[in-house]
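K.L.:
A predicted structure for the sequence below; I have some questions about it.
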Amino acid sequence: MPSAELTHGLAAALGALQGVAEFLPISSSGHLSLAEAWLGVDPAAVGHRFNVVVHAGTLLAVLWVYRGDLYDLLRGLLRRETPARRLALALVLATLPLALALAPPLERALLQVEGSPRLIGVALLITAALLAFTHHRSRPGDDPHAIPTARQAVVIGLFQLLAITPGISRSGATIAAGLGLGLGRLPAARFSFLLSIPAILGASAKELLDLRGAAPLTAEHSEALLIGLLAALLVGLLSLRLLLGLLVRVGLLPFVPYLLALALAAFVLG
């Protein structure tokens, strides 16, 4: 299959795909890896730079939607308020397990999964199982600003570490973990998306370090990256609000059939 260059249209499509899959519990890394494998995308054209840019777009979406929560958190920390301290501690504890992702053996294993559609299919099935098994634990009416305990935060952080595997959704795994631990739908989602801020920042910083010494961008590629960022931002805003609305009404179960179908496609077409 011939390699595809990073055209403006392809950048918009992949940026939109990132914007949808980063927040809906269907795995952005799994979707991007499958799309690149099936479309024959040139890794040199859509590589670390594109990943950094589209992740920046979805990060901006989180910052905008949760700007009020972030303001309250920063203000509360400055005033040494107990709820803000508890939330900050929970976010730190849940982020710490991601340090294990820097281990070279784990990085090599992840690259192997990323290049294998069938392994991604297995990971998609894991995501589907997490959503299905925790659906009955979800409660729509809880306080949306409930804060996980230290133990709950550590467990959610371990599920976030699991979700670095392409095909295992970060939002799906962390929200499912929160539901399984007794959090309501909205507090589980709120904590998951606030937790995505340090996770995306850390992943982007690592990818930027990998870019040291890379060749300069052409004008066409620069334009394509900007298009990818805007697509990820705009679609990310829509998908994040869509997920929050679905969580209130029906929970995560509607995404399970889609994940099963995509996993089947990965096995058949892989």
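P.N.:
Okay, I see it. Residues are numbered from 1 along each chain as shown.
K.L.:
all contacts plus neighbour counts: C-alpha atoms, from now on.
P.N.:
Noted.
K.L.:
CA-only coordinates of stretch 153-166 in PDB, if you can.
P.N.:
Extracted in PDB, the C-alpha atoms of stretch 153-166 (Å, rounded to 0.1, in the frame of the first residue of the first chain):
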ATOM      1  CA  ALA A 153      -7.000   8.000  43.200                       C
ATOM      2  CA  VAL A 154      -4.100   5.500  43.100                       C
ATOM      3  CA  VAL A 155      -6.400   2.800  41.600                       C
ATOM      4  CA  ILE A 156      -7.600   5.200  38.900                       C
ATOM      5  CA  GLY A 157      -4.000   6.200  38.200                       C
ATOM      6  CA  LEU A 158      -3.100   2.500  37.700                       C
ATOM      7  CA  PHE A 159      -6.000   2.200  35.200                       C
ATOM      8  CA  GLN A 160      -4.700   5.300  33.400                       C
ATOM      9  CA  LEU A 161      -1.300   3.600  33.200                       C
ATOM     10  CA  LEU A 162      -3.000   0.600  31.600                       C
ATOM     11  CA  ALA A 163      -4.500   3.000  29.100                       C
ATOM     12  CA  ILE A 164      -1.200   3.900  27.500                       C
ATOM     13  CA  THR A 165      -1.700   0.700  25.500                       C
ATOM     14  CA  PRO A 166      -3.100   1.600  22.100                       C
END
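K.L.:
what's that stretch in contact with?
P.N.:
The contact list for stretch 153-166 (CA atoms under 8 Å, 6 or more residues apart in numbering) reads 27-30, 33, 90-91, 93-98, 100-101, 110, 113-114, 120, 123, 168-170, 173-174, 177-178.
K.L.:
how about a cut-off of 6 Å?
P.N.:
29-30, 90, 93-95, 97-98, 114, 120, 169-170, 173-174, 177 (CA atoms under 6 Å, 6 or more residues apart in numbering).
K.L.:
Check P25 and give its pLDDT.
P.N.:
You'll see P25 listed with a pLDDT of 90.
K.L.:
Next, count neighbours for it.
P.N.:
25 (other CA atoms under 10 Å).
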